[in-house]
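A.B. asks: please work out how this folds:
(4 chains)
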Number of protein chains: 2
Amino acid sequence: MSAPVHRTRPRQSPEQTRRQIVDAMLELLREQPFRELGVETVMTRTGHSRTVFYRHFDDIPSLVLAVIAEVGAELVEVGADWAATGSASPTEAHARLARFVDFYVRHGPVVRAIAQAAHHDAAVDAAYSAMVEGFIVMTTQAIQARVAAGDLEPLDAPEVGRALVRMLNGYLEDALGSAPFTDPARVLETVWTIWTRTLYGGATG
Amino acid sequence: MSAPVHRTRPRQSPEQTRRQIVDAMLELLREQPFRELGVETVMTRTGHSRTVFYRHFDDIPSLVLAVIAEVGAELVEVGADWAATGSASPTEAHARLARFVDFYVRHGPVVRAIAQAAHHDAAVDAAYSAMVEGFIVMTTQAIQARVAAGDLEPLDAPEVGRALVRMLNGYLEDALGSAPFTDPARVLETVWTIWTRTLYGGATG
DNA sequence: CCAGCTTGATGACGTCATGTCAACAGCGCT
DNA sequence: AGCGCTGTTGACATGACGTCATCAAGCTGG
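C.D. replies: Prediction:
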């Protein structure tokens, strides 16, 4: 009679549901600022009830951590390649930087959202900062290796590395993190100019 | 009887109280991440009750806006000077950049906190973004003026301007926005290197 | 000098998002 | 057929926010 009717959807594996949640989050992160995202919003998007969220994640920051794990994996790969200390010809280096820019073309809005989320939660902050810090270290080492090899004039590698990574991060996020998006070719050219002039433009320039 | 006893402090002008709140906020922004700041925390610091906060500000973002108005005034002044299009000798330009770095030495943690706050509220975001955007425009115009004057090789002024400002912003916030602080002289040298090499290191380098 | 305005203190309240729980229902595997 | 897992509903406690009504007390103008 007045017994509550509980509709059930066709059986689903936990992995599927989890995926739906992560995917909904990925969509939403591209659509609106992180601050406006709540459990309610995400689960409405998935079509599931709010409580099921807590069966799969502790809270929104945990979900963001999962997103970071996914997107970050590719970024680390691209980044490691980019900062590879192995001798690289200019054309090779240019191509690697292009991959980096391309990553932002594909994931810029999500990266931007993660940066926002980092300011809302300590754990996300730690994860994001660790990633950026990793890039700075990689870059510094790459610069130092080139200096040791005599390819570059000596310079303050740690600080220049930090500054260049921050530039990359901030500029790419600005240009490719949200609409209106800047032409990627122009972005690549700009970033390439600054990196090469900074690193190679010292002695003779 | 059991009538509540309301203690009152010696009469204070509204301006004084407002100042106490802003000052408490300035202190707190240097001590802990923005996300941990609530009305309660701020007013405990001032020694006033929580409700009095709402007599002076609508909410925490409004308070941050007030802080931006204070600190931002000085920043705009320094920035306008820095980006002044007037012909500047290298030593002059170096001194102006030093003023910029010095601003971050004095206010870095507050600026950092404002950047965090921007991700928590649309109005603060707008104010902060407008400020950064202003710097980008100033920088772009300065570069274009130098190009027109023949001081610089032609380059994509708007994009290079954006990237350089983002670098400045991100790097200074990293280096001088929270402990451990980097040696300001090293910071200045790094920023100077990147700016000059990027702008002047093209043709011959 | 007093009346009224202003400012702050207290304590209570409604609201909203969070995170937790206790039933309950259906799918699938043993 | 029975048990375990997953999801649904609805309820609840919590904590921060923002608002209010009420009271105390300083300041100011008539």
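A.B. asks: against DNA strand C, how distant is the closest residue in space to A:Glu74 that isn't next to it in sequence?
C.D. replies: Excluding the flanking residues, the one nearest A:Glu74 by Cβ to Cβ, 6 or more residues apart in numbering or on different chains is A:Phe103, at 6.7 Å. C-beta coordinates here come from the backbone N, C-alpha and C atoms, glycine included. Counting by Cβ to the nearest atom of the strand, to the nearest Å, the gap from A:Phe103 to DNA strand C is 29 Å.
A.B. asks: tell me which element A:Phe103 falls in.
C.D. replies: helix A:90-118 (DSSP states H and E).
A.B. asks: so whichever helix or strand comes after that helix, near DNA strand C or not?
C.D. replies: On the C-terminal side of helix A:90-118, the closest following helix or strand by DSSP H and E is helix A:122-148. No: using Cβ under 7 Å from any atom of the strand, we find that helix A:122-148 stays clear of DNA strand C, coming within 11.4 Å at best.
A.B. asks: helices or strands up against the helix or strand following helix A:122-148?
C.D. replies: Sequence order places helix A:157-176 as the next helix or strand after helix A:122-148, per DSSP H and E. Using 3 or more Cβ pairs under 8 Å, 6 or more residues apart in numbering or on different chains; DSSP states H and E, the elements in contact with helix A:157-176 are helix A:90-118, helix A:122-148, helix A:184-200, helix B:157-176, helix B:184-200.
A.B. asks: which of those is buried the deepest?
C.D. replies: Comparing these by mean neighbour count (mean count of other Cβ atoms under 10 Å in any protein chain shown), helix B:157-176 ranks first with a mean of 24.
A.B. asks: got the CA positions of that helix in CSV?
C.D. replies: The C-alpha coordinates for helix B:157-176 follow below in CSV (Å, rounded to 0.1, in the frame of the first residue of the first chain):
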residue,chain,number,x,y,z
ALA,B,157,53.2,41.5,-27.7
PRO,B,158,49.8,40.5,-26.2
GLU,B,159,50.8,36.9,-25.7
VAL,B,160,54.3,37.6,-24.5
GLY,B,161,52.9,40.2,-22.2
ARG,B,162,50.4,37.7,-20.8
ALA,B,163,53.0,35.0,-20.3
LEU,B,164,55.5,37.4,-18.7
VAL,B,165,52.9,38.7,-16.3
ARG,B,166,51.7,35.2,-15.4
MET,B,167,55.3,34.3,-14.8
LEU,B,168,55.8,37.3,-12.6
ASN,B,169,52.6,36.6,-10.7
GLY,B,170,53.1,32.9,-10.3
TYR,B,171,56.8,33.0,-9.5
LEU,B,172,56.7,35.9,-7.0
GLU,B,173,53.8,34.2,-5.3
ASP,B,174,55.7,31.0,-5.1
ALA,B,175,59.0,32.6,-3.9
LEU,B,176,57.7,35.3,-1.7
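A.B. asks: mean confidence for that helix?
C.D. replies: For helix B:157-176, mean pLDDT is 98.
A.B. asks: likewise for stretch A:33-44?
C.D. replies: 98.
A.B. asks: got the end-to-end distance for that stretch?
C.D. replies: End-to-end distance of stretch A:33-44 (Cα to Cα, to the nearest Å): 17 Å.
A.B. asks: any residue of that stretch touching DNA strand C?
C.D. replies: Yes: part of stretch A:33-44 sits near DNA strand C under the criterion Cβ under 7 Å from any atom of the strand, namely A:Gly38, A:Val39, A:Glu40.
A.B. asks: by neighbour count, which of those wins?
C.D. replies: Neighbour count (other Cβ atoms under 10 Å in any protein chain shown) singles out A:Val39 as the most crowded of these, with 16 neighbours.
A.B. asks: thought that residue was touching A:Pro61?
C.D. replies: No: using Cβ atoms under 8 Å, A:Val39 makes no contact with A:Pro61, being 11.3 Å away.
A.B. asks: mind checking how far A:Glu173 is from DNA strand C?
C.D. replies: If you go by Cβ to the nearest atom of the strand, the gap between A:Glu173 and DNA strand C works out to 24 Å.
A.B. asks: so that residue is in contact with A:Ile114, correct?
C.D. replies: No: using Cβ under 8 Å, A:Glu173 is not in contact with A:Ile114, being 10.0 Å away.
A.B. asks: A:Glu31: neighbouring residues, count only.
C.D. replies: A:Glu31, neighbours per other Cβ under 10 Å, totals 13.
A.B. asks: picking that back up, relative to helix A:184-200, how tilted is the helix holding A:Phe103?
C.D. replies: Here the directions of helix A:90-118 and helix A:184-200 differ by 110 degrees (axes from the mean of the first three to the mean of the last three Cα atoms, to 10 degrees).
A.B. asks: A:Pro184 contacts A:Leu176, correct?
C.D. replies: Yes: with contacts counted by Cβ under 8 Å, A:Pro184 reaches A:Leu176, the gap being 7.0 Å.
A.B. asks: who touches both of those two?
C.D. replies: Shared contacts of A:Pro184 and A:Leu176, defined by Cβ atoms under 8 Å, 6 or more residues apart in numbering or on different chains, comprise A:Val101, A:Val105.
A.B. asks: quick check: the nearest residue to A:Arg197 once chain neighbours are set aside vs A:Tyr200, distance?
C.D. replies: Nearest non-adjacent residue to A:Arg197, counting by Cβ to Cβ, 6+ apart: B:Gly201, 4.3 Å away. Separation of B:Gly201 from A:Tyr200 (Cβ to Cβ, to the nearest Å): 8 Å.
A.B. asks: list the contacts of the residue nearest in space to the middle of chain A.
C.D. replies: Taking Cα atoms, centre = their mean, the centroid of chain A lies closest to A:Val111, which sits 3.8 Å from it. Applying Cβ under 8 Å, 6+ apart to A:Val111 gives the contacts A:Val71, A:Leu75, A:Tyr104, A:Leu172, A:Glu173, A:Gly177.
A.B. asks: same list (those residues) but as TSV, adding distance to DNA strand D.
C.D. replies: As requested, the contacts of A:Val111 are exported to TSV (distance: Cβ to the nearest atom of the strand, whole Å):
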residue	distance to DNA strand D
A:Val71	23
A:Leu75	29
A:Tyr104	33
A:Leu172	33
A:Glu173	28
A:Gly177	27
